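Undergrad: everything below, folded, please.
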Amino acid sequence: MDDEEQVSYMAATLGLPVLTRDGEQFGVLEHVLAVEEEDIFEGIVVWVGHGGWVERKVQRELSMGHQSAARFLETFRHNDLRFVHADKIAAITVGYIRCDLDRSQAGLLQPPSGPPVLYANAIDQAGPPGAYNRMYGGMFGRARWRQE
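TA: Numbering: from 1, shown residues only. From the prediction side, this is the model:
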């Protein structure tokens, strides 16, 4: 397993298997937490799903670059996400991410936390702030700002 060449966190692709130090997979990469402008790598968010065909489908969609799969996990399966701090990452390669954790430590990882993220909706922003936009925007889940 150590014969693969390591790569930067910026080259890590969504859906990579995330392994314990013993090589046992405990999740897949959901996204990388970094401040790219400052070149600061904070860690990774891992989806630790419950196995089966759903996990394989999500892993395949993530690895193909489907951001919608990551957004789905963040919105509807957020209880299955875990944060691994950068100092617990032993190696990032093209084929996997190996952590410096054993299976029991991986089971104790906490969900990611932080301030809420708000998204502006361009459709609602296009029109005047009248009753029409408030009524139909709210009706279809398109309020001016949406928290995820």
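
Undergrad: hey, C-alpha coordinates of the strand ranked longest in the chain in CSV?
TA: The strand spanning the most residues in the chain, taking DSSP state E as the definition, is strand 25-35. Output of strand 25-35 as CSV, limited to C-alpha atoms (Å, rounded to 0.1, in the frame of the first residue of the first chain):
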residue,chain,number,x,y,z
GLN,A,25,-11.9,1.4,4.6
PHE,A,26,-14.2,3.3,7.0
GLY,A,27,-15.7,5.9,4.5
VAL,A,28,-15.3,7.9,1.4
LEU,A,29,-14.1,11.5,0.8
GLU,A,30,-17.0,13.9,0.8
HIS,A,31,-14.9,17.1,0.5
VAL,A,32,-11.6,18.7,1.6
LEU,A,33,-11.6,21.5,4.1
ALA,A,34,-8.9,24.0,3.1
VAL,A,35,-8.3,27.7,2.7
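
Undergrad: average pLDDT for the host helix or strand of R60?
TA: Per DSSP states H and E, R60 falls inside helix 52-63. Average pLDDT, helix 52-63: 70.

Undergrad: before we move on, what about stretch 25-35?
TA: 87.

Undergrad: any idea how far L14 is from S63?
TA: As judged by CB to CB, to the nearest Å, L14 and S63 stand 6 Å apart. In short, each C-beta sits where N, CA and C put it, glycine included.

Undergrad: equivalent analysis for V28, please.
TA: With CB to CB as the criterion, V28 and S63 are 8 Å apart.

Undergrad: where exactly do the strands run in the chain?
TA: 17-19, 25-35, 40-47, 81-85, 89-92, 97-99, 118-120, 145-147.

Undergrad: low-confidence regions, the protein specifically.
TA: 1-3, 50-56, 59, 65-78, 114-148 (pLDDT under 70).

Undergrad: ok, which of the strands of the chain comes nearest Y9?
TA: Y9 lies closest, by CB to CB, to one member of the strands of the chain: strand 40-47, at 4.6 Å.

Undergrad: give the buried residues for the closest one.
TA: 41, 43-47 (16 or more other CB atoms under 10 Å).
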